[in-house]
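K.L.:
structure, please.
(one chain, ligands or ions: 2)
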Amino acid sequence: MAYDQHGRAIDYLRISVTDRCNLRCLYCMPEEGVAWKPHAAILTLEEIENFVRIAASEGFKRIRLTGGEPLVRLGIVDLIRSITSMPNIESVAMTTNGILLPKMAQELKDAGLSRVNISLDTLDAEQYAHITRRGNIDDVFKGIDAALEVGFKPVKVNAVVVRSLNQDLLAYARLSVDRPLHVRFIEYMPVGGACGADGLGWSAADTIPNEELFALVSEQARAAGLGELIALGGGEKPEGWGPARYYHFENALGTVGFINALSRHFCEECNRLRMTAEGALRPCLFSDTEFDVGAALRNKDEEAVRAVLREALDSKPDEHHDKIGTERLMSQIGG
Ligand code: SAM
Ligand code: SF4
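P.N.:
Ligands and ions are numbered 1, 2, ... in the order given. Sure thing, here's the model as predicted:
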């Protein structure tokens, strides 16, 4: 097991497999003019595999593939098949916008992917097209159906809540009632600026702190006759639950979670390291401090890879210290 300087066990690796995406969410990337990393700068699938194999031997057990949109990376299914067959790897999960899931869910499941988090910030078709600038919400609905049908468990649906977008929170919470869907409200974070130019531009006023969000959802649910949000105990949380607080409505098949990255730090429980698509290790989402493991991977220098990994682990800060903004966009870090 790998530990950092603050005594935290670090066994969770989040890998951005591409900085590219088939959507352009307002809060994540500008509509035009993103300087994509050249293909030659992006780690090959073999280099990613090698890194995971080495990280697994250092105690990493759980992998999440993200991006950009991980499903647009060619060869992603082969990568999953290879990682899931490695000794010491307990689970491989993915965060995806779900657009390509209707086509790919079965092969992802067959390759050994354990679970998916699907990002969907609204249930309204027009608002979805506005937020994503090019997405068709029906594709995501079909993607959710496909994820349930092929048997991913749990299927989580993530919504970033932005005050000025006025999302319908109740409609979202209702998703958890009739199907085993675990909906999670995520605080809007000041990552990447966030997308000032033609995007939303982050402001503190646009982040709804989780306490307030919880009160809003509870009040609307009560008024609509859904009842109270009941807190879940440890054993009832969906597998791979992460840093969220979970609730459910009585007799609901799914749960409602609140991820409070900003308002109530979960830094003391932090168990993760991130790697960008070109092989930069990031000890903290909110910090621009990075360690280049890409060069060592390209040189197939295993000792150097281990040394950079150790250095990155030793550099994990105790907390994010309310830092605002990062040089990289969220799509480049891998949210
Ligand atoms: N494309 C995939 C997707 O959208 O699920 C994976 C990459 S995306 C960067 C990962 C997650 O980061 C998504 O759930 C997205 O909503 C979230 N995200 C992006 N920018 C964010 C921000 N400024 N604050 C909070 N979450 C953000
Ligand atoms: Fe693409 Fe995900 Fe960013 Fe949306 S949040 S632009 S889907 S990477």
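K.L.:
next, the closest residue to residue 317 other than its chain neighbours: phi, psi?
P.N.:
Of all residues not flanking residue 317 in the chain, residue 284 sits nearest, at 5.4 Å (CB to CB, 6 or more residues apart in numbering). For glycine as for every other residue, the C-beta is placed from the backbone atoms N, C-alpha and C. For residue 284, the backbone dihedrals (degrees, to the nearest 10) come out as phi -140, psi 130.
K.L.:
ok, how many other residues are close to residue 284?
P.N.:
21 (other CB atoms under 10 Å).
K.L.:
and residue 205, how many neighbours does it have?
P.N.:
Other residues close to residue 205 by other CB under 10 Å number 8.
K.L.:
and for it, nearest residue in space, chain neighbours not counted?
P.N.:
Closest to residue 205 by CB to CB, 6+ apart is residue 163, at 6.5 Å.
K.L.:
neighbours around that neighbour, how many?
P.N.:
The number of residues near residue 163, taken as other CB under 10 Å, comes to 14.
K.L.:
same check, this time on residue 101
P.N.:
Residue 101: 26 neighbours (other CB under 10 Å).
K.L.:
helix/strand/coil for the nearest residue to it once chain neighbours are set aside?
P.N.:
Nearest non-adjacent residue to residue 101, counting by CB to CB, 6+ apart: residue 143, 3.2 Å away. With DSSP: H, G, I helix; E, B strand; the rest coil as the basis, the three-state label of residue 143 is helix.
K.L.:
quick one: contacts for residue 143?
P.N.:
96, 98-102, 105, 118 (CB atoms under 8 Å, 6 or more residues apart in numbering).
K.L.:
report the buried residues of the helix or strand that contains residue 146.
P.N.:
In this structure, residue 146 sits in helix 137-150 according to DSSP states H and E. Residues 137, 139-144, 146-148, 150 are the ones in helix 137-150 that count as buried (16 or more other CB atoms under 10 Å).
K.L.:
quick one: residue 129 from residue 288, how far?
P.N.:
As judged by CB to CB, to the nearest Å, residue 129 and residue 288 stand 33 Å apart.
K.L.:
re the thing from before, wait, the residue nearest to residue 205 touches residue 207, no?
P.N.:
Yes: with contact defined as CB atoms under 8 Å, residue 163 counts as touching residue 207 (7.3 Å).
K.L.:
overlap in contacts, these two.
P.N.:
residue 188.
K.L.:
what comes up buried for stretch 34-41?
P.N.:
34, 37.
K.L.:
ok, the strand or helix carrying residue 161: who's next to it in the sheet?
P.N.:
Counting by DSSP H and E, the element that carries residue 161 is strand 155-161. Looking at strand 155-161 with DSSP bridges, its partner strands are strand 115-119 (parallel), strand 181-187 (parallel).
K.L.:
quick one: average confidence on the last one?
P.N.:
If I follow you right, that is strand 181-187. Averaged across strand 181-187, pLDDT comes to 93.
K.L.:
next one: it to chain centre, how far?
P.N.:
Between the centre of strand 181-187 and the centre of its chain there are 11 Å (CA atoms, centre = their mean, to the nearest Å).
K.L.:
just the angle for it relative to helix 137-150, thanks.
P.N.:
Taking axes from the mean of the first three to the mean of the last three CA atoms, to 10 degrees, one finds strand 181-187 and helix 137-150 inclined to each other by 130 degrees.
K.L.:
and ligand 1, is strand 181-187 touching that?
P.N.:
Yes: using CB under 6 Å from any ligand atom, we find that strand 181-187 touches ligand 1 at residue 186.
K.L.:
over to stretch 97-114?
P.N.:
Yes: applying CB under 6 Å from any ligand atom, one finds stretch 97-114 in contact with ligand 1 at residue 97.
K.L.:
renumber starting at 40 from here on
P.N.:
Okay, using 40 as the starting number, the last item reads as stretch 136-153.
K.L.:
list the buried residues for that stretch?
P.N.:
Here stretch 136-153 shows 136-141, 143-144, 147-148, 150-153 as buried, counting by 16+ other CB under 10 Å.
K.L.:
which of those scores worst on pLDDT?
P.N.:
residue 153 (95).
K.L.:
if the residue of the stretch 190-339 of the chain found nearest ligand 2 is in a bridge, with which residues?
P.N.:
Closest residue of the stretch 190-339 of the chain to ligand 2, CB to the nearest ligand atom: residue 199 (7.8 Å). Beta bridges link residue 199 to residue 225 when assigned by DSSP bridges.
K.L.:
what about it, how many neighbours?
P.N.:
Using other CB under 10 Å: residue 199 sits among 25 other residues.
K.L.:
what's the distance between it and ligand 1?
P.N.:
Here residue 199 is placed at a distance of 4 Å from ligand 1 (CB to the nearest ligand atom, to the nearest Å).
K.L.:
secondary structure class of residue 358, three-state.
P.N.:
Going by three-state DSSP: residue 358 is coil.
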